[in-house]
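Enquirer: sequence plus predicted model, see below.
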Amino acid sequence: MFPTVREVLALDPVRHGAPRLVAGDVGLDRPVRWVHVSEVPDIAPLLGGGELVLTTGIGLPADDAGLRAFIGDLADVGVSGLVVELGRRYVSGVPRVMAAAAERRRLPLVELRRATPFVRITEAVHALIVDAQLTELRATEEIHQRFTELSVEGAGPGEVVRQAAELSGCPVVLENLSRQVLAYDPAGESAELLLDCWEQHSRRIRPAGRTAYDGDNGWLVTTVGARGQDWGRLLLRWPGGGDLAAGRRVLDPSEEGGVPVGTVTPPVAPPTRLTILVERAASTLALGRLIRRDAEGLERQIHRTLLTALLDHSLPVDEVALRARALGVVLERRHLVGVVVRHRADDPAGEGGPATETPHPADPGAGGSAAGPARLRDLAEAVGHALREAKLTGLSSAVDDHAVGVLLALPEPAAEERALAAFATALRRTRPDTSTRPAGHARPDGSVRSDGLARLDGHARSDGHARSDGSARSDGSARSDGQARSDGSVRPDGQARPGAPVREDGPARSNGRANEVARPAGGGLLIAAGSGVPGLREARRSLIEARQIADAARRDRRDLPVFRLPHVGLAGLLHLLRDEPRLQTFVERELGALLTYDAQHPREQLLGTLRAYLEQGRNKSAAAGAAHLSRPAFYERLARIRRVLDVDLDSVEACLSLHVALLALDAIRTP
């Protein structure tokens, strides 16, 4: 805000007096807060520091001790400098003892060898100060407006840091309490040099106070946090001190003549507006953190930004590597493996039947629109915890609405299988829902729908839709009392007979309870890994492959710790080709007529009948039981399928083609 002594000496009214610096050149960059004219020796108690004192010297002491005391008092109070006009008290120059004392105390001492009206000097300097103050006020107002807008808009940490660097023209870094970089802006300088060995450099920056300037290292620092919970530091590099300032000559204070002994770099404090800037930026960051307190942590947000950048090429690979390294994740010269973790079923809130169905209070999957994001956050936290427990390094975050992606950074390819096994084991230990659970999502009261979701009344029709009274359908698939079926798969008391066919998706028994079909271990979690790659430029291929494997393996009921590309077989191949127009044409050619028929007759749904027939290896009795139909009703539906598709269902080749078409249809429909 204030001009320096050096700038004051360059003003025209001062230059008119032919100024000459006698001593104290190391203090020329001191700010001048005001100009004060005095002719009395005991002026120091009336000053507040930062003044440039003008005098003719007529009232100064005549003895050497008095001159030393006069200079010492001015230095102790913190004046910026002393200007002495020659001609009235001192003719050829100020006394040597005064110059020596000023040099020892590093106080700029200037002679004016030509008579100059002091009023012109004070007017010029005060005008400069007022202009600087107005400029400072305008800059402060701009800072206030800019960060208020960022707070209202909910800007992220990266944008706040960028704006701080733009307003200050200085590099800005946001770090967490572990000295890991969360965001930075080099302000046009080299990012590599700025972040090189950042943690070690940051730990040497130890300012005294919540907001303070570390002159030895040249950083203005403020703590970021709110409500008594600090979570980071915001640092702005100010080139007024530390190793950024030029060395200046220092004289030995014990020598009267001032013998040069070396150089120092006295820190020059940053202007007030920069202190205001970093504090406003820190407040904006803290406010944003409070607003997003239920969302991901800042580190996880950066992880998500970097993974997304790899998938959609929004950032150069070198930039991703640099940001990851600043966050403590080294990706260069590492063997990288893409991993995707997801639930085998999407958010229950999104697939749980009609919107009018009331969720059961004890169902962990029920929760309305908030269930999906909450479940995804829980999964992301579990994945991060598993990485730490397995002592693995990598980026991890949600990559879409249902899956969490991980980019593992391994020291060598030989560690790939061991690392994946350790991660899978740690994740299954982390998840609390690893116990076997009925595949039909049984409610505490035992009631389920035949599609695996609960009905309020506990009764099921063979097509999966309960009648309000729980009574039987006319096709003979169930008796009106909801007990014995004609295929003998249910006892008169409503319990399943041993060996009776059972569907894997948890069909309802006639007494309304789910068949106890165990899910794979891991609480319904599925872990898929892509092929390992030798560098970051190929990491996108591994991540995309892992996501495709995870999508393809959702219908695979095997309990595998980690799914890899060879595990997904034909279903995986069809999933990889699901966007291929020729595959979609094949599905329409094989199943189009049947899909059209089902659309016109929604109560029959012949596609489900065909699926049961093909999945049971064309065993009609087993397929009828799996479809919850009596054999006559099932045979009648098969005959109808033959007529609609004009196909021989006893032909192995025709059934193989239909089965592939069904798998392809599932792949196309998978979100």
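Expert: Right, received. Where do you want to start?
Enquirer: with adjacent residues omitted, what lies nearest to residue 304?
Expert: Once flanking residues are discounted, residue 304 sits nearest to residue 397: 3.5 Å by CB to CB, 6 or more residues apart in numbering. Just so you know, the C-beta spots here come from the backbone N, C-alpha and C atoms, and that holds for glycine as well.
Enquirer: what about the helices in the stretch 251-400 of the chain?
Expert: Applying DSSP state H, counting those that start in this stretch to the stretch 251-400 of the chain gives helices spanning 272-291, 298-312, 317-326, 348-351, 371-389.
Enquirer: would you turn those helices into TSV with mean neighbour count and distance to residue 598?
Expert: As requested, those are arranged in TSV below (neighbours: other CB atoms under 10 Å; distance: least, CB to CB, whole Å):
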stretch	mean neighbour count	distance to residue 598
helix 272-291	21	48
helix 298-312	20	36
helix 317-326	19	47
helix 348-351	16	19
helix 371-389	18	29
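Enquirer: now render those as TSV, adding mean pLDDT.
Expert: Output for these, formatted as TSV (pLDDT from 0 to 100):
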stretch	mean pLDDT
helix 272-291	87
helix 298-312	84
helix 317-326	88
helix 348-351	42
helix 371-389	84
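Enquirer: so can I have TSV of the ones you listed showing distance to residue 660?
Expert: Putting the helices of the stretch 251-400 of the chain into TSV (distance: least, CB to CB, whole Å) gives the following:
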stretch	distance to residue 660
helix 272-291	51
helix 298-312	30
helix 317-326	39
helix 348-351	25
helix 371-389	32
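Enquirer: closest to residue 619 out of those?
Expert: Set against residue 619 and scored by CB to CB, the helices of the stretch 251-400 of the chain come closest in helix 348-351, at 29.3 Å.
Enquirer: hmm, back to that, so what's the residue nearest to residue 304 bridging to?
Expert: Assessed by DSSP bridges, residue 397 has beta-bridge partners residue 405.
Enquirer: ok, it - contacts?
Expert: The neighbourhood of residue 397, defined by CB atoms under 8 Å, 6 or more residues apart in numbering, consists of 296, 300, 301, 303, 304, 307, 380, 404, 405.
Enquirer: go again using 7 Å as the cut-off
Expert: Residue 397 sits next to 300, 303, 304, 307, 380, 404, 405 when contact means CB atoms under 7 Å, 6 or more residues apart in numbering.
Enquirer: where does pLDDT dip in this protein?
Expert: Across the chain, the ranges flagged by pLDDT under 70 are 1, 240-268, 292-297, 346-371, 431-523, 576, 670-671.
Enquirer: in it, spot the helix with the most residues.
Expert: Across the chain, the helix with the greatest residue count (assigned by DSSP state H) is helix 118-153.
Enquirer: that one: how far from the chain's middle?
Expert: Chain-centre distance of helix 118-153: 36 Å, with CA atoms, centre = their mean, to the nearest Å.
Enquirer: buried set for it?
Expert: 118, 121-122, 124-125, 128-129, 132, 136, 139-140, 143, 146-147, 150-151 (16 or more other CB atoms under 10 Å).
Enquirer: for residue 580, state which of these is nearest.
Expert: The shortest approach to residue 580 among these belongs to residue 150, at 45.6 Å (CB to CB).
Enquirer: the closest one contacts residue 158, doesn't it?
Expert: No. In terms of CB atoms under 7 Å, residue 150 does not count as a neighbour of residue 158; the distance is 11.1 Å.
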